[in-house]
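1. When you get a sec, could you give me coordinates for this:
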Amino acid sequence: MGIKRFYATVRPASIDHTKRGVHMTEPNDPHRPDEAGVSRWPSEAGRDPYGQPSNPYEVPAPYSSYLPVAENHRRPYVDFGLAIKLFFKNYAVFRGRASRSEYWWTVLFNFIIAVAMQALMPILQGVGLMSAITSNSTTEFSAMSTSGVIFTMLPLAWLLAIIIPRLALTVRRLHDVNHSGWWVMAPTLCGIASAIMMILTFVSAAANDGKPSMALLTIGIVLFVAIFVVNIILLIFVISDSHPEAWKKYDKEPLPVTE
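-> The predicted structure is shown next:
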């Protein structure tokens, strides 16, 4: 009897959670039965936002695609054929820029043409001469002389034909390395000044019993050295890589064609 009273005093009274407003359920139980006793999957709105996702095997969304790198405004690389095509299509275009490949492929092309002309001229002249000797005809000799003059003039005609596009290409190449195109005139101006000094030196020598003016002679020598130095500077410019800021200054519409 005493033991029963002891347990009655020690055992706490049962707690009615319903009266206290506490509804004891499994946390985020997706199969909680409804009033009809049917287990249903809860909606997204009724689900615990901190619980397990609706589909634990769902593949997460991939990362968003990377942003494209900003255009660096470099003139595109061109092969040999395209460089020659652009050389003639941009015949007298002094605005814009030209890449290293566009410039040096054209230099190689002009070098090949010059070598070919120099190699073919004596061959063709020799063939014409042999034909004239064999036929022993005045007409053949006259034709040979005419063809010789034509073959001799061909290199000069070619140089005159490409002088403008060569200047334009060099100016665009200088623009691409962020330098003024007027640099292309520096060797020419130094050459003209040197020629003038040479003429004045001969004139002064003729006026002074063959003794040239030392001042004029010194100026002429300085100008010859200046021509060499300027050409070295230009060579450094045209072999340099494109300047990243050159497009801001020299890309003026309409731009040179690129294809």
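2. I'd like the secondary structure assignment at the residue lying closest to Arg95 once chain neighbours are set aside, please.
-> Leaving aside its sequence neighbours, Arg95 sits nearest to Lys252 (Cβ to Cβ, 6 or more residues apart in numbering; 4.8 Å). Where C-beta positions appear, they are placed from N, C-alpha and C, glycine not excepted. Recorded secondary structure, Lys252: coil (DSSP: H, G, I helix; E, B strand; the rest coil).
3. who does the host helix or strand of Glu102 touch, helix- and strand-wise?
-> Taking DSSP states H and E as the criterion, Glu102 maps to helix 100-135. Applying 3 or more Cβ pairs under 8 Å, 6 or more residues apart in numbering; DSSP states H and E, we find helix 100-135 packed against helix 80-89, helix 138-176, helix 214-239.
4. Helix 80-89 and that one, what's the angle between them?
-> 90 degrees (axes from the mean of the first three to the mean of the last three Cα atoms, to 10 degrees).
5. Direction-wise, compare helix 100-135 with helix 214-239 and give the angle.
-> 110 degrees.
6. How is the chain divided into domains?
-> Using automatic domain parsing, the domain ranges for the chain come out as 96-177, 178-239.
7. Worst mean pLDDT among these?
-> Here the domains of the chain differ in mean pLDDT, and the lowest is domain 96-177 at a mean of 82.
8. What are the neighbouring residues in contact with the spatially closest residue to Phe109 that is not a sequence neighbour?
-> Computed as Cβ to Cβ, 6+ apart, the closest residue to Phe109 that is not its neighbour in sequence is Ile84, at 5.3 Å. Residues counted as contacts of Ile84 (Cβ atoms under 8 Å, 6 or more residues apart in numbering) are 105-106, 109.
9. Adding distance to Pro187, write those out as TSV.
-> Shown next, in TSV, are the contacts of Ile84 (distance: Cβ to Cβ, whole Å):
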residue	distance to Pro187
Trp105	22
Thr106	18
Phe109	22
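10. list the contacts for Arg75?
-> Residues in contact with Arg75 (Cβ under 8 Å, 6+ apart) are 97-99, 102, 176, 242, 258.
11. circling back to that earlier point, any idea which of the contacts of Ile84 is closest to Phe80?
-> Trp105 (4.9 Å; Cβ to Cβ).
12. list the contacts for that closest one?
-> Counting by Cβ under 8 Å, 6+ apart, Trp105 has contacts 78-80, 83-84.
13. ok, of these, which come out buried?
-> 78, 83-84 (16 or more other Cβ atoms under 10 Å).
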